[in-house]
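Participant: Sharing a sequence plus its predicted fold:
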Amino acid sequence: MPLPIDALPSEAWAPFAPILEALLGEGGLLDRALREAIAFGAVAGTFDAPAQQAGAATALLEFCRRLALEPLAIGRGEVARLRESGFDDAAILEAVLATACGTLLGILRRGFAAPAGETARGPALPPAAAGERQGPYLETARTAADPPAFAALQKQFGFVPNLFRAQALLPDAVEAEARVLEALLFAPTALTRAQKESILVAVSAAGRNTYGAVLHGRALQMTGVPVETIVHLAGEPESSDLSDCEKALVETARRLAARPGELPPARLEDLSRHRWSGEQAREAVWLAALGSFLTTAQFGLGVPPDFRPKRDFLADPPAELNLSGSPARPKDDERDPSARIQDPDRPLVVAARGGDMTAFESLVRRHQGRVYRTVMGITGNAEDAQDGAQSVFLKVFRKLGDFGGDALFSTWLHRIAVNEGLERLRSRKPMESLEEDREEDFRPLRLEPWIEDPETRFARAEMKRLVEEALGRLPAPYRTALLLRDIQELSGLEAAAVLGVPLPTLKTRLLRGRLMLREALAGHFAAPLKTASA
């Protein structure tokens, strides 16, 4: 039984090679032939068990058929019947992900092979009752040890989404999915992160996947996209305030991922008419396939949302989804209790709060360098930085009992350090407000390319002094943004949380601060202007 991958050019499926190898390759709990039959069935609509497994696999194949063709009808009852047939949670998880591989391959076939017709799907079954859809369906997945890939997901999302927590019984699968996400969604490519998240919001909505629409809607909001735009993406992208080019991009991906017959067929040639490059068009197809994979997994596992939606996507229009607010990370009252923020400092914090001074000393050693550099960057004085760092950790020791864990300990600590630096600055000169944007009209005057001409290059120590002096002369809002983001190398979300500002505000301050710093240093590092000879 050849998989559709055999009829696709290698560039079509190459980004998904880690997932396909992990879920359809050698090894695995289910027989490889059975997993391939599940994936093939999800593409072709025909689920035939391998001859040697016809009896044992009947219940599993019927579940996968419903998941692929009628995902809205899946509920706890279907999973319970699989357990009664002798399949454990790990095997069921593998079957769900094999089905998701099939839906992924189906999207790739539509996008790259342009089949003449679509598989007949038959009449739609009614959605499962709301009580039946209360998950997660695989209870034991919640107690499995965390796969190493969780650390990468934590870094990118700021937390580990429940969809990946529910797959912890198959750590190799989670690792493969994290690698694909890194390559297609997180890494800089032909499409921007906002464009990618827009596609995933629309694709999730087209699949009536509340979980995906809200998760990617929040991620999109963190890039600065207005809530109103996200709501339209989850309903009618054509009515959004996106440009015509971006509407065409999102609509094409949405139609690729939609159930056949629900939306007009996708036309990739429309993208070239809107001046999207071939590489950008391919990425749109890949993201539609990725979104369909995640949607199928979501319906098969029934994981609870990371954020609390106002209403169920299956029962209400997309515009009613809870896409408002802009927390950098979901708060405890918005998250499932099993999905709290994973803070690497948490064990030491808990021990220190219990009176363990060794644990507190470990926290000091772990963070003292960054605290010192933060205070030094704000005050520009080594003595103030040394005294200030000591004061910061004294305040932390006194206030540790008030730290509730709603943010990372490092974020809370940096906020104290920023305040300490500003307090010391206030004692020496009039306080600079972090709220005022007094340089709205700032425009850089010198944008010549910088060079390292051997005749004019400064010694490294002198260069460092010039940069520090120029940084110290910037207004406080821009100096602190540069300090936290570029020097301390905090993520954008962490820096915004430290300063207590929305991510778009941080990005604005960071851009202006970089331009102002460049302007201040242009006389030292810019190439000399060439003048025409008389």
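Facilitator: That came through fine. Since this is a predicted model, take the numbers as computed values, not measurements.
Participant: then the helix or strand hosting Ala98 to PDB, C-alphas only?
Facilitator: Here Ala98, judged by DSSP states H and E, is contained in helix 89-108. Coordinates of each C-alpha in helix 89-108 appear next as PDB, following Å, rounded to 0.1, in the frame of the first residue of the first chain:
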ATOM      1  CA  ASP A  89      -3.200   4.700  26.000                       C
ATOM      2  CA  ALA A  90       0.200   4.700  24.300                       C
ATOM      3  CA  ALA A  91      -1.100   2.600  21.400                       C
ATOM      4  CA  ILE A  92      -4.200   4.800  21.000                       C
ATOM      5  CA  LEU A  93      -1.900   7.900  21.000                       C
ATOM      6  CA  GLU A  94       0.200   6.400  18.300                       C
ATOM      7  CA  ALA A  95      -3.000   5.700  16.200                       C
ATOM      8  CA  VAL A  96      -4.200   9.200  16.700                       C
ATOM      9  CA  LEU A  97      -0.900  10.600  15.500                       C
ATOM     10  CA  ALA A  98      -0.700   8.200  12.500                       C
ATOM     11  CA  THR A  99      -4.100   9.600  11.500                       C
ATOM     12  CA  ALA A 100      -2.800  13.100  11.900                       C
ATOM     13  CA  CYS A 101       0.100  12.100   9.500                       C
ATOM     14  CA  GLY A 102      -2.500  11.100   7.000                       C
ATOM     15  CA  THR A 103      -4.400  14.400   7.200                       C
ATOM     16  CA  LEU A 104      -1.000  16.200   6.800                       C
ATOM     17  CA  LEU A 105      -0.200  14.100   3.700                       C
ATOM     18  CA  GLY A 106      -3.600  14.800   2.300                       C
ATOM     19  CA  ILE A 107      -3.000  18.600   2.500                       C
ATOM     20  CA  LEU A 108       0.400  18.200   0.800                       C
END
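Participant: in terms of contact, does Ala288 touch Glu251 like I think?
Facilitator: No - contact between Ala288 and Glu251 fails when scored by CB atoms under 8 Å: they sit 10.9 Å apart. C-beta: built from backbone N, CA, C; applies to glycine.
Participant: Can you pick out the residue with more neighbours from those two?
Facilitator: Of the pair Ala288 and Glu251, Ala288 is the one with more neighbours under other CB atoms under 10 Å, namely 29 against 24.
Participant: List the residues that contact the more buried one.
Facilitator: Going by CB atoms under 8 Å, 6 or more residues apart in numbering, Ala288 touches Ile107, Gly111, Ile199, Val203, Ala253, Arg254, Leu256, Ala257.
Participant: and the helix or strand containing Phe393, average pLDDT?
Facilitator: Phe393 belongs to helix 382-399 when assigned by DSSP H and E. Averaged across helix 382-399, pLDDT comes to 85.
Participant: neighbouring contacts of that helix?
Facilitator: Here helix 382-399 makes contact (CB under 8 Å, 6+ apart) with 360, 363-364, 368, 371-373, 375-376, 379, 413, 416-417, 420-421, 424.
Participant: Kindly report the same for stretch 264-278.
Facilitator: Contact with stretch 264-278 is made by 110-111, 190, 244-245, 248-249, 252-253, 255-256, 280-281, 284-285, as judged by CB under 8 Å, 6+ apart.
Participant: swap the cut-off to 6 Å and go again
Facilitator: Cys245, Ala248, Thr252, Arg255, Leu256, Ala281 (CB atoms under 6 Å, 6 or more residues apart in numbering).
Participant: one step back: check the contacts of helix 382-399 and tell me the two furthest apart.
Facilitator: Greatest spacing in those, by CB to CB: Phe360 and Thr379 (24.9 Å).
Participant: between those two, who's got more neighbours?
Facilitator: Neighbours were counted for Phe360 and for Thr379 using other CB under 10 Å; Thr379 has more, 22 against 19.
Participant: Domain map for this protein?
Facilitator: Domain segmentation of the chain under automatic domain parsing yields 4-115+147-339, 346-428, 460-525.
Participant: Tell me which helix or strand comes right after the helix holding Phe393.
Facilitator: helix 409-428.
Participant: returning to what we had before: drop anything exposed from the contacts of helix 382-399.
Facilitator: Among the contacts of helix 382-399, those classed as buried by 16 or more other CB atoms under 10 Å are 360, 363-364, 371-373, 375-376, 379, 413, 416-417, 420-421, 424.
Participant: Just name the closest of these to Leu163, please.
Facilitator: Nearest to Leu163 among the buried ones among the contacts of helix 382-399, counting by CB to CB, is Leu413 at 30.5 Å.
Participant: Contact partners for that closest one?
Facilitator: Leu413 is in contact with His367, counting by CB under 6 Å, 6+ apart.
Participant: how close does the residue lying closest to Ala128 once chain neighbours are set aside sit to Ala129?
Facilitator: For Ala128, ignoring the flanking residues on the chain, the nearest one in space by CB to CB, 6 or more residues apart in numbering is Gly75 at 3.4 Å. Gly75 is 7 Å from Ala129, where distance means CB to CB, to the nearest Å.
Participant: Go ahead and build a ChimeraX selection from the buried members of the contacts of stretch 264-278.
Facilitator: If you want just the buried ones from the contacts of stretch 264-278 in ChimeraX, going by 16+ other CB under 10 Å, the selection is:
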select :248,252,255,256,281
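Participant: Dump the contacts of stretch 264-278 into CSV; add distance to Ala520 and secondary structure as well.
Facilitator: Shown next, in CSV, are those (distance: CB to CB, whole Å; DSSP: H, G, I helix; E, B strand; the rest coil):
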residue, distance to Ala520, secondary structure
Cys245, 37, helix
Ala248, 43, helix
Thr252, 45, helix
Arg255, 50, helix
Leu256, 49, helix
Ala281, 43, helix
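Participant: In TSV, list the contacts of stretch 264-278 along with distance to Asn209 and pLDDT.
Facilitator: Output for those, formatted as TSV (distance: CB to CB, whole Å; pLDDT from 0 to 100):
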residue	distance to Asn209	pLDDT
Cys245	26	87
Ala248	22	87
Thr252	19	88
Arg255	16	87
Leu256	15	86
Ala281	24	91
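Participant: Out of the contacts of stretch 264-278, which comes closest to Val174?
Facilitator: Nearest to Val174 among the contacts of stretch 264-278 is Leu256, at 25.4 Å by CB to CB.
Participant: OK, contacts around that closest one?
Facilitator: Ile107, Arg110, Gly111, Ala266, Ala288.
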